[in-house]
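Chemist: Give me a 3D structure for the following:
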Amino acid sequence: MLEALRKAGLDKNESVVYVALLRRGTATAKPIIESTKLHRQLVYNSLDSLIRKGLVSYFLESNIKHFKACDPKQLLDYFEKRRRMLAKREKIFKEAIPQLEKIFNQERESQSAEIYHGNRGMKTILYDTLKENKEILIMGASDIKSEAFLYHSKYIFPNYYKIKEKREIRLKILFSVDMRNRSKEIDRLKYSESRILPKEFTSNSNMMIYGDKIAMIFWGSKPFGVIIQSRDIANSNRARFDLLWKIAKEP
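Modeler: Numbers count the residues shown, from 1 in each chain. Below is the predicted model:
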């Protein structure tokens, strides 16, 4: 019997108190405490809860509360109210699921970072920017005399730009002023444009923003780079690029 009441929605203490009171008919809290062997506060809490649920009533006699269990048939009314309440909550929850899933997916956005070394690694990074088939934004390097950069200029960049043009991928590059000649070369390519920033923006690295990724290449005798996949990081750097693009000058 107690198990049935618990399964129906009453907690363990409520079930014990209700059955004890049902057997006594009418009683003050003291005999219920004695018969159930529950702590007095647990009994009072359970009585208050059962009153709110309409399963117990009380009256005052000489300023002492006397409790009475309601007809067990009231349990059917309580269970029906509970069923309707749960059905209503289920409907509200189902309506909220699409929004909750949206939040869940945003919070679970995949983030990763991969590091690459050497000329082969730099080639991997460059060709990864073409996989998205989306606009590529680059803050260009200035170290055009490094061995790795010269190697890529001769053997990698020509085919890279051919693929980019074939796929009609748009490219924007920001160069520092000492790369003005390189900037003019880029502007002659299809779907490509560049702008010039002051010499303070001189750098020995490239930052490339594409899709939900950013890639960094650090040129030098031993080049290395990293690809970071993160929508938030990509979008924040894209906003920074757009701001610099507005203040940059044409070559």
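Chemist: Show me where the stretch 151-251 of the chain has its strands.
Modeler: Taking DSSP state E, counting those that start in this stretch to define them, one finds strands in the stretch 151-251 of the chain at 171-176, 192-197, 205-210, 213-218, 224-229.
Chemist: Which neighbouring elements make contact with the last one?
Modeler: Strand 224-229 makes packing contacts with strand 112-117, helix 118-131, strand 213-218 when contacts are defined by 3 or more C-beta pairs under 8 Å, 6 or more residues apart in numbering; DSSP states H and E. No exception for glycine: its C-beta is placed from N, CA and C like everyone else's.
Chemist: dump the residue contacts of Lys88.
Modeler: Listed by C-beta atoms under 8 Å, 6 or more residues apart in numbering, Lys88 has no contact partners.
Chemist: any idea which helix or strand carries it?
Modeler: If you go by DSSP states H and E, Lys88 is part of helix 74-107.
Chemist: Let me know which of the helices and strands packed on strand 224-229 is tucked in deepest.
Modeler: With neighbours taken as mean count of other C-beta atoms under 10 Å, those reach their highest mean count in strand 213-218, at a mean of 21.
Chemist: which helices and strands does that one pack with?
Modeler: helix 118-131, strand 205-210, strand 224-229, helix 231-247.
Chemist: which residues make contact with that strand from outside it?
Modeler: With C-beta under 8 Å, 6+ apart as the test, strand 213-218 has contacts from 122, 125-126, 128-129, 132, 141, 204-208, 223-230, 233-234, 237.
Chemist: try stretch 147-162
Modeler: 119, 122-123, 126-127, 130, 141, 143-144, 189, 192, 219-223.
Chemist: quick one: buried residues of stretch 194-209?
Modeler: Within stretch 194-209, the residues scored as buried using 16 or more other C-beta atoms under 10 Å are Ser194, Arg195, Ile196, Leu197, Phe201, Ser203, Ser205, Asn206, Met207, Met208, Ile209.
Chemist: Closest one of those residues to Cys70?
Modeler: Ile209 (68.7 Å; C-beta to C-beta).
Chemist: ok, the closest residue to the closest one other than its chain neighbours - contacts?
Modeler: Excluding the flanking residues, the one nearest Ile209 by C-beta to C-beta, 6 or more residues apart in numbering is Leu137, at 4.3 Å. Counting by C-beta under 8 Å, 6+ apart, Leu137 touches Lys172, Ile173, Met208, Ile209, Tyr210, Arg238, Phe241.
Chemist: And the residues you listed, which of them are buried?
Modeler: Lys172, Ile173, Met208, Ile209, Tyr210, Phe241.
Chemist: coming back round to it: can I assume the residue nearest to Ile209 sits in a strand?
Modeler: Yes - looking at Leu137 with DSSP: H, G, I helix; E, B strand; the rest coil, it is inside a strand.
Chemist: Run through the bridge partners of it.
Modeler: Beta-bridge pairing for Leu137 (DSSP bridges): Lys172, Ile209.
Chemist: can you tell me how far it sits from Gln229?
Modeler: Distance, Leu137 to Gln229, by C-beta to C-beta, to the nearest Å: 16 Å.
Chemist: now do Val56
Modeler: 60 Å.
Chemist: Arg89 now?
Modeler: 38 Å.
Chemist: Can you pick out the residue with more neighbours from those two?
Modeler: The residue with more neighbours, out of Arg89 and Gln229, is Gln229; 17 against 10, by other C-beta atoms under 10 Å.
Chemist: tell me the contacts of that one?
Modeler: Counted by C-beta under 8 Å, 6+ apart, Gln229 has contacts Ser110, Gln111, Ser112, Ala113, Asp212, Lys213.
Chemist: Could you point out the bridge partners of Lys68 in the sheet?
Modeler: Thr26, Ser57.
Chemist: circling back: lowest-confidence one in the contacts of stretch 147-162?
Modeler: Least confident by pLDDT among the contacts of stretch 147-162: that is Asp143, with 54.
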